[in-house]
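A.B. asks: Next one to model:
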Amino acid sequence: MLIALTGFSSILFSGCSKEEITASVTFKEVNVNDVDGDVTGNGGSATEVYTWSNSQATADYNCDITGTKGGTFQMTIKDADGTTVLDVTLVGGQEPDSKSGVTATGVPGDWIVTIQLTTFNGDGSFSLTAGN
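C.D. replies: As a prediction, the model looks like this:
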């Protein structure tokens, strides 16, 4: 008995690489009185904490997100006594996409700056300068 194969079939499996979901926060001390940083993400979440020596009772702040497609950027600052002097949140894809001003008056010393990104998709920056 002779069996003839008249058709050929093949199945090709190809790996589908999925982009890793990330988010990052970078702090840069410009000088004794100034600190700034950058944020970026593609849907990930991240929290970074920075201890900043502020010799003044206030700080000027600025935060800005650009090219965002979603998620949130939150900046929280606590003074040397642990009292919250700033709590600002920007939401990707919504206005305003930047905020600036002066923190509430606090106790000079080591201030705790927390930047939290939640399912953040985009770029941004922030800066702090010791108040007057």
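
A.B. asks: Asp110 is in contact with Thr51, correct?
C.D. replies: Yes - counting by Cβ atoms under 8 Å, Thr51 does reach Asp110; the two are 5.2 Å apart. In this view, the C-beta of every residue, glycine as well, is placed from N, C-alpha and C.

A.B. asks: what packs against the host helix or strand of Val49?
C.D. replies: Here Val49, judged by DSSP states H and E, is contained in strand 34-54. When contacts are defined as 3 or more Cβ pairs under 8 Å, 6 or more residues apart in numbering; DSSP states H and E, strand 34-54 packs onto strand 23-31, strand 59-78, strand 109-130.

A.B. asks: which neighbours does it have in its sheet, and in what orientation?
C.D. replies: strand 23-31 (antiparallel), strand 109-130 (antiparallel) (DSSP bridges).

A.B. asks: out of these, which comes closest to Ala57?
C.D. replies: With Cβ to Cβ, the closest approach to Ala57 among the strands paired with strand 34-54 belongs to strand 109-130: 9.4 Å.

A.B. asks: Give me the angle between the closest one and strand 59-78.
C.D. replies: Here the directions of strand 109-130 and strand 59-78 differ by 140 degrees (axes from the mean of the first three to the mean of the last three Cα atoms, to 10 degrees).

A.B. asks: Give the buried residues for strand 109-130.
C.D. replies: 111, 113-118, 120-122, 124-130 (16 or more other Cβ atoms under 10 Å).
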